[in-house]
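1. got a sequence here, can you model it:
(2 chains)
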Amino acid sequence: MRFFYLFFSLILPFTNQDSGIFISKGAKITIFSSAPIEDIKAVSAQCISVYNSQTNELEFSVPIRSFQFDKALMQEHFNDDYMESEKYPKALFKGKIVEKINTKADNLYKVMVSGELTIHGVKNECKVPGTLNIKDGAINMMADFDVKCADYNIKIPQIAFYHIAESIKVKISANYQSINNKSK
Amino acid sequence: MKKYITIFFILLFTQHVLAQKTDTLKKNTSIDSLMNAMGAGNHSEPVLGTFKASRLILSQTTETVKKNNLNFLIIHRFGDFSGTYGGGQSLGGLDAVADVYFDFEYGLNDHLNINFGRSTIGGLLDLGLKYTFIHQTTDDAIPLSMSAGGEIGIRPYGSFNSFDGRLSTLFKIIAARKFSPGFSLLISSTFLRNNSPLPTINGNNEQQFLSIAVATRFKITKHMGFIIDYAHPFTNAKQTSTFTLYDPLGFGIEIETGGHVFTLNITNSRGINDINYLSNTTSDYGKGQYRIGFTISRMFDFNRSKTNY
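-> From the prediction side, this is the model:
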């Protein structure tokens, strides 16, 4: 009986409170660049993200190697020559949502996220507009933005067979679950 | 009753303490540690691009053509640069052809390749398989990549007594390591059997022998590398007095231009296929019998779009 009480006394504090933390595993990132000979596009579904609704902090991390291209050779060049993924295996974003968000009620927000984006080992300040959709305690975030290769020291050689545009379009779609919802 | 009351109070107390604990815990649980727990930490991947192509100058590498990809190669060796047949009269051997090799390499899957090639020297047709069974990983848990390959070569009818006499077989094992993005090294060993001994000179009865090869690449720029390729056949045919065999040795520049890999090289070997250059390299750097050569390759990808955007 004593252990029974003890058990509950241990469990209750964890189940009762709302951490306000939302996590997303397998968020989808698409990159696209239009080039004269063939468009370059790739997708990764291995992005992970954490959103803390109490502090409004937002973080993303995606392994560069997880981007899938249609052409194997293009994928190898992307990793080996442009992104140098052995040296810089991840792209990271650390930032905050500028607007106040009430995650308790269903709503659609247009938000601005500002923070630091690290690609190819180069950290840059950036501001990205996006949408945040709350439904039944789950969150979906979407954003479209451009990344300039030159800002991240990604060199495009003149000799390259497919000339790559100076800027790459990036699209993110992430579905979040509350940590509490998950444990139930 | 007293006992239960104390337990009740103890429980209340522990609840309070625990609640406090989780509060501080929550503050310490920064997003970062949660990200790490979710797998944002480092994980190991196979190393990419140990070499840029499946062939260097002489050696084959541990690189394979990916699934449903076809690599078409044209490898060319010109005539002697200087010496008796080279020099100004043949523009450094550019007028002459030592060997031309056409090769089709196809990826049965990402690690297994089948290839079909044809050499000018001996009219040799060859059919080969190569399988990369170990891949070097980024965390060095596996420090090198290894491939095994086999090849059957057949020469056209003509001066041979039997069908058997037209055949050559070859087995090889290749080990390669990318030490840094700019430096890769390869060591390979080949067992070669020529049913009719090569070169076809009286007194040569060496049908089978082992050989060892070393090749390396230094990157000069991101898309350009310097390669050295050397092979040493352990063949007794070397001791035969009527001819001299030399070890094939090549130097080259490798330029990568997206879909193409272009190699410009200098080597003493006339032959391009392993069967030819391992058994029959009679040209000597010292006599000016080195030549300019090049490799052009083009990758064709037959994969349907595998991703939805």
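2. for the residue positioned nearest the centre of chain A, give me its contacts.
-> Residue closest to the mean C-alpha point of chain A, counted by C-alpha atoms, centre = their mean, is residue A:60 at 3.7 Å. For residue A:60, the residues meeting the contact criterion (C-beta atoms under 8 Å, 6 or more residues apart in numbering or on different chains) are A:27, A:47-49, A:91-93, A:172, A:174. (Glycine included, C-beta is placed from N, CA and C.)
3. and the helix or strand hosting it, how far out from the chain middle?
-> Residue A:60 belongs to strand A:57-63 when assigned by DSSP states H and E. On the basis of C-alpha atoms, centre = their mean, to the nearest Å, the separation between the geometric centre of strand A:57-63 and that of its chain is 5 Å.
4. kindly report the same for stretch B:106-117.
-> Using C-alpha atoms, centre = their mean, the mean C-alpha position of stretch B:106-117 is found 13 Å from that of the whole chain.
5. could you do stretch B:268-277 as well?
-> Offset of stretch B:268-277 from its chain centre (C-alpha atoms, centre = their mean): 17 Å.
6. list the buried residues for that stretch?
-> Using 16 or more other C-beta atoms under 10 Å in any protein chain shown as the burial criterion, the residues of stretch B:268-277 that qualify are B:268-277.
7. just put those in a markdown table and tack on pLDDT, secondary structure and distance to chain A.
-> Listed next are those as a markdown table, based on pLDDT from 0 to 100; DSSP: H, G, I helix; E, B strand; the rest coil; distance: C-beta to the nearest C-beta, whole Å:
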| residue | pLDDT | secondary structure | distance to chain A |
| --- | --- | --- | --- |
| B:268 | 93 | coil | 30 |
| B:269 | 93 | coil | 28 |
| B:270 | 92 | coil | 31 |
| B:271 | 92 | coil | 28 |
| B:272 | 93 | coil | 23 |
| B:273 | 93 | coil | 24 |
| B:274 | 92 | helix | 25 |
| B:275 | 92 | helix | 28 |
| B:276 | 91 | helix | 29 |
| B:277 | 92 | helix | 28 |
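8. next, give me the two most distant ones among the residues you listed.
-> Across the buried residues of stretch B:268-277, the longest distance by C-beta to C-beta is 17.2 Å; it joins B:268 and B:275.
9. surely residue B:137 is in contact with residue B:48?
-> No: Residue B:137 sits out of contact with residue B:48 when judged by C-beta atoms under 8 Å, with a separation of 10.9 Å.
10. of the two, which one has the most company?
-> Neighbours per residue, other C-beta atoms under 10 Å in any protein chain shown: of residue B:137 and residue B:48, the larger number sits with residue B:48, 21 against 16.
11. ok, the more buried one - contacts?
-> Residue B:48 makes contacts with A:76, A:79-80, A:85-86, as judged by C-beta under 8 Å, 6+ apart.
12. buried ones among the residues you listed?
-> A:76, A:79-80, A:85-86.
13. related to what we said a few turns ago, so how far is residue A:151 from the residue nearest to the residue nearest to the centre of chain A when sequence neighbours are not counted?
-> Take residue A:60 and drop its neighbours on the chain: the residue closest to it by C-beta to C-beta, 6 or more residues apart in numbering or on different chains is residue A:93, 4.2 Å away. Between residue A:93 and residue A:151 the distance is 14 Å, computed by C-beta to C-beta, to the nearest Å.
14. and the two? which has more neighbours close in?
-> Ranked by neighbour count (other C-beta under 10 Å), residue A:93 and residue A:151 place residue A:93 first, with 21 against 15.
15. quick one: contacts for that one?
-> Contact partners of residue A:93, counting by C-beta under 8 Å, 6+ apart, are A:58-61, A:115-118.
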